[in-house]
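[1] Structure, please.
(chains A and B)
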Amino acid sequence: MSELTLERGLAAFRAEIDAPTAAFFSSCVHCGLCAQSCPFYLETGDPKYTPILKLEPLRRVWENEFTLWGRIKGRLGLQKPVTDEMLAEWEELLYDSCSMCGRCSMVCPVGNDLAYMIRKTREGMVQSGHAPEGLIAAASRAIKTGSPMGLQWKTLAVQIQHVESSSGLTVPVDQEGAEYLVLLSSMEIINFPEYLEAITKIFDHAGVTWTLSTQCFEATNAGIQIGNKDIAAELVERVVAAAETLRVSKVISPECGHAYTAIRWEGPNLIGRPYPFRVFHIIEVLDELRAAGRIKTEGKEDDRLSMHDPCNLARKSGVIQQQRNLMALVAENFVDLKEHGKYQWCCGAGGGVSSNERAEELKMAAFKRKKAQIEEVAPERMVTMCATCRTQLEEGLEAFNMEIPVVGLTEMIAEHLVERD
Amino acid sequence: MSGSMEFLLWTKGPLFDIALAIFAIGLMARLVEIFMLGRAHNYAEPRAHEWPAGLRTMLTRTIADPGTFKRAPFNVVVGWIWHIGFLTALLFFVPHVELIRSVLGFAWPALPNPLVDFATAITILALIATLVHRLTHPVKRHISTVEDYLVWAVVFMVVLTGYLAYHRLVEPYPLALGMHILSAEILLVILPFTKLTHIFTAFIARWYNGAAFGRKGVQS
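    The predicted structure is shown next:
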């Protein structure tokens, strides 16, 4: 990559400004309500974390170069320019204190989609050389090794062996013509190997044909988190190539929030063409199998369970009812958090915050909002369906000495499958 | 007296035409600036249509979700009160209805004066409350710019001068009315170049927001 400069950053900001962005900036009345939806503001009380303020670099480029009045101000020497110093200061606001959870986009009274613009602003931050080290490292590992954590197929191969010996089932690899290509996240492979075993059991039980691909197993997209279209598109192309090689008609994104929005909603636009396959989150697939009567379960969890909706899955992708249908299948004492579904609160770790070591303190501050929500309904265990959320919930609850285990929904379903004769 | 009458005629005549022209041209320019930018084609398979979701959000964002209302009741309630009060006075005061009829060629029935008077008084109080809130709430104080205070002052002057003129609290009357009309003209002139554009663009913004969430299967 050639040298990253302010000039390149400004060019990227310009390229990102579209009609929605202009309508959004034209409409902001500085009411400050977005702050009331942001866990980073609410839990720190620092007004610099007000969401609309995080977009100031993009807003200035819009005002200076895309409005009549801005151009007149330019002639009069009254413009406020975007400088390197400014971008250096904004790096923390755009990365460390924003998980792109999109809650502000849901409550802004004039209708501004702030998360959409944060995503755009990050493009300019990368090009001007103002992205966090942790995310740069993750993105370059993803490009070089295929995994943001530098994980290789041989690690996964070992895990496949474990799954096969403990379940007595075969994990299909590179099976051409299977219905589903299953993607995983490195975080899941390392922290939650039970996921792979769970889907192996469920798909065997439901008679689903599926496969992993040695060509590409990683679902996450570090290019989207950092805000770099080229990297993001390259990572999406790898998934498309693997799916095309194996001629699958459906691709499953794992228990990971951003991987799903990346591949489901941004992916086709990054590569500039529609996919020759459809994309589902594992929870959508499981709920379809449930509705079709292909998942038979027995017994129910009887402890008090609650659920954390990942932002990317619920608010940003409309998967809200499916996980509740599945919970009803296996839990008899389920209680929702008060604000859930499209109005859920972020765990604090998404949008690249968890890959950005520097943001640790802010990440745990933002978690306090989730913690308060959990305390309100006092569950014995939490269920979720995103490895990043799950890790954050586990670490956060542990940090506050709350003994509430966190489980993945897929593995909970797998535990209740009716044994076949 | 003759000086103030001249002032009034000047505000009602040439100044009104100029203000209306700047408003119309400025607003058109802003809308063109927005729509010319366009939107990239979206290749992702949608869950639902954009239009119905966009249209719904254009209306539904008028009401805060319960959680936001609980966290910022003052913001929501005072915002509502002054917007309704302002619109009541703007659109339903007898002379305003007549002005609209003379410009557009049609209008609607006005509301009784005492009702409009009450709405105006409430609006003045609510506007003062919004200013105090802006000056004291940590978030609002931090994000406020010169433009925010300028726009507040212009809106406040429009309502205040209207109230003073109606109650004959400033003499001579033509001066009071001229001040009111001049304030309204200043508002029209700055509207396309300040956050006052939200009067129009907020509905565009809401549509884009509702459409983007709607195609993903979420009513925003």
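[2] Would you map the helices across chain B?
    B:2-12, B:14-37, B:50-60, B:66-71, B:73-92, B:94-104, B:113-136, B:138-143, B:146-166, B:173-190, B:198-215 (DSSP state H).
[3] Check what pLDDT the most centrally placed residue in chain B gets.
    Centroid-nearest residue in chain B, with CA atoms, centre = their mean: residue B:199, separated by 5.2 Å. Reported pLDDT at residue B:199 in the predicted model: 98.
[4] Tell me which residues touch the residue in chain A that chain B sits nearest to, please.
    Per CB to the nearest CB, residue A:318 is where chain A lies closest to chain B, at 2.6 Å. (Each C-beta comes from the backbone N, C-alpha and C, glycine too.) Applying CB atoms under 8 Å, 6 or more residues apart in numbering or on different chains to residue A:318 gives the contacts B:47, B:216-218.
[5] is chain B contacted by the helix or strand hosting residue A:374?
    Per DSSP states H and E: residue A:374 is located in helix A:360-377. No. Helix A:360-377 stays clear of chain B (CB under 8 Å from any CB of the partner chain), getting no nearer than 10.8 Å.
[6] what pLDDT, on average, does the following helix or strand past that helix get?
    Downstream of helix A:360-377, the next assigned helix or strand under DSSP H and E is strand A:381-384. Strand A:381-384 carries an average pLDDT of 98.
[7] Strand A:381-384: partners in the sheet, and parallel or antiparallel?
    Applying DSSP bridges to the sheet, strand A:381-384 is found paired with strand A:305-307 (parallel), strand A:406-408 (parallel).
[8] from what I can see residue A:216 touches residue A:242, true?
    Yes. Between residue A:216 and residue A:242 there is a contact at 3.8 Å, judged by CB atoms under 8 Å.
[9] and the helices of chain B, which is most packed in?
    helix B:198-215 (a mean of 24; mean count of other CB atoms under 10 Å in any protein chain shown).
[10] what packs against it?
    For helix B:198-215, the elements it packs on are helix A:19-27, helix A:103-107, helix B:14-37, helix B:50-60, judged by 3 or more CB pairs under 8 Å, 6 or more residues apart in numbering or on different chains; DSSP states H and E.
[11] Assign a three-state SS to the residue of chain A closest to chain B, would you?
    coil (DSSP: H, G, I helix; E, B strand; the rest coil).
[12] now it, nearest residue through space, not along the chain?
    residue B:217 (2.6 Å; CB to CB, 6 or more residues apart in numbering or on different chains).
[13] and that neighbour, how many neighbours?
    The number of residues packed near residue B:217 is 16, by other CB atoms under 10 Å in any protein chain shown.
[14] what about residue A:143, helix or strand, and which?
    Element membership for residue A:143, per DSSP H and E: helix A:133-145.
[15] that older thread, okay but the residue nearest to residue A:318 is in contact with residue A:314, surely?
    No. The criterion here is CB under 8 Å, and residue B:217 misses it with residue A:314 at 10.2 Å.
[16] Quick check: residue A:288 vs residue A:200, distance?
    According to CB to CB, to the nearest Å, residue A:288 stands 18 Å off from residue A:200.
[17] out of these two, which sits in the more crowded spot?
    Neighbours were tallied for residue A:288 and for residue A:200 using other CB under 10 Å; the higher tally belongs to residue A:200 (22 against 14).
[18] Tell me the spacing between the more buried one and residue A:325.
    As judged by CB to CB, residue A:200 and residue A:325 stand 22 Å apart.
[19] again, but for residue A:18
    For residue A:18 relative to residue A:325 (CB to CB), the value is 37 Å.
[20] okay, these two: which has more neighbours?
    residue A:18 (18 against 13).
[21] Correct me if wrong: that one contacts residue B:39.
    Yes. In this structure, residue A:18 is within contact of residue B:39 by CB under 8 Å, at 5.4 Å.
[22] Many thanks, we can stop here.
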